[in-house]
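Q: this one's structure only:
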């Protein structure tokens, strides 16, 4: 057996080696700590940038399965866990890919794809701008795509308002241009009708009283309608140049009777549509512009008439409002209005009527007139079950 002896020099060498190893290890640890702090700082910076992005961000797999989302998803869909689910299942409620999926196109073309889409969020239709960008292939060979969804609903609404303002300006210019041409023949018609009225006395006793009564009624109606047409032209001018309404005592029951008398020709065109009036006796008198309120009645009635067919019923009802004032109700049993169109009914130039049947300013004009009278107009309708319009106007002590 060989005996190994350890000298002092050997022991000093081992300890020195250990000391060097520990010193080097400590330096490595400090370097790692520094790198970790830098990485954490960069991570926080990147996270702050991502949190500041208000667009919805998703990372999708090649099969369009959601792999990651940013914090905006929880704001839009707080009760849904998207990870591992298909994007078309979450956003469209479908069981298959969308027909023209921008994410799929981005993967196929290997380029950035932009698109616009509309779908429901919280029971409301919203507009979204979509940007799909293919991500670099990962080491496993799977392709991913980065998807941005930006809510541009407000921008679209502002854009629509801008276009609407342009339309209103155009209508104002057209109305101003034709007002003079319309008012001239109206003045002539009104003048001749007044001339006929002045000559009624000469034929008194020479014709049957019933004929004379009809003659008087017809000429009165001609003059009234000429004045109403003049006021309608003036109302068109308010699209570009608002004019304060001329308020006075108004009997809404009489407005309904006068309007229905004017619209008798509608009844002749459709003999099988029943028109019923339920007018409250001693209805409170309100302050308003009689011509404008008659315009509201005409627009609501003609809309109801256009929505009805043989065998349907139109009801015009007046009531005293629960908290003062009056209520005007125009109800029909016609085709009704789809739910998705209710929010658009009072938008200018929106119409469901075919070309030549309407330009979509009737209900918007009604809305404007009622609001100017400090009132409210509401609609209740179900497709296939008729429509119920209610106009509430405040009572004013005379």
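A: Here it is on my side, so go on. No experiment lies behind these values; they were computed from the predicted model shown. Numbers count the residues shown, from 1 in each chain.
Q: Need phi/psi at residue 380.
A: Per-residue torsions, residue 380: phi -130, psi 130 (degrees, to the nearest 10).
Q: For the nearest residue to residue 380 once chain neighbours are set aside, grab phi and psi.
A: Once flanking residues are discounted, residue 380 sits nearest to residue 388: 4.3 Å by CB to CB, 6 or more residues apart in numbering. Every residue, glycine included, has its C-beta placed from N, CA and C. Per-residue torsions, residue 388: phi -130, psi 110 (degrees, to the nearest 10).
Q: My guess is residue 285 contacts residue 253. True?
A: No. Using CB atoms under 8 Å, residue 285 makes no contact with residue 253, being 9.7 Å away.
Q: Mean confidence (pLDDT) on the helix or strand hosting residue 258, please.
A: Assigned by DSSP states H and E, residue 258 falls within helix 252-262. Per-residue pLDDT over helix 252-262 has a mean of 85.
Q: contacting residues around residue 228?
A: Going by CB atoms under 8 Å, 6 or more residues apart in numbering, residue 228 touches 291, 294-295.
Q: pLDDT value on it, please?
A: Note for residue 228: predicted pLDDT of 76.
Q: Mind jotting down where the strands sit in this structure?
A: 56-60, 66-69, 113-121, 124-134, 145-151, 248-250, 274-279, 286-288, 313-320, 326-332, 376-381, 387-393 (DSSP state E).
Q: Give the pairing partners of the longest one; include direction for each.
A: It refers to strand 124-134. Sheet pairing of strand 124-134 (DSSP bridges) gives strand 113-121 (antiparallel), strand 145-151 (antiparallel).
Q: Buried residues of that strand, list them for me.
A: By 16 or more other CB atoms under 10 Å, the buried positions in strand 124-134 come out as 126-132, 134.
Q: Out of those, which is nearest to residue 156?
A: Taking CB to CB as the measure, residue 156 lies nearest residue 127 of these, at 4.7 Å.
Q: and that closest one, how far is that from residue 323?
A: To residue 323, residue 127 is 39 Å away according to CB to CB, to the nearest Å.
Q: just residue 22 next, same as before
A: For residue 22 relative to residue 323 (CB to CB), the value is 88 Å.
Q: Repeat that for residue 108.
A: Distance, residue 108 to residue 323, using CB to CB: 63 Å.
Q: which of those two has more neighbours?
A: More crowded of residue 108 and residue 323, by other CB atoms under 10 Å: residue 108, with 11 against 8.
Q: Okay, that one and residue 303: tell me how far apart.
A: Distance from residue 108 to residue 303, counting by CB to CB: 49 Å.
Q: again with residue 335
A: The gap separating residue 335 from residue 303 is 11 Å, by CB to CB.
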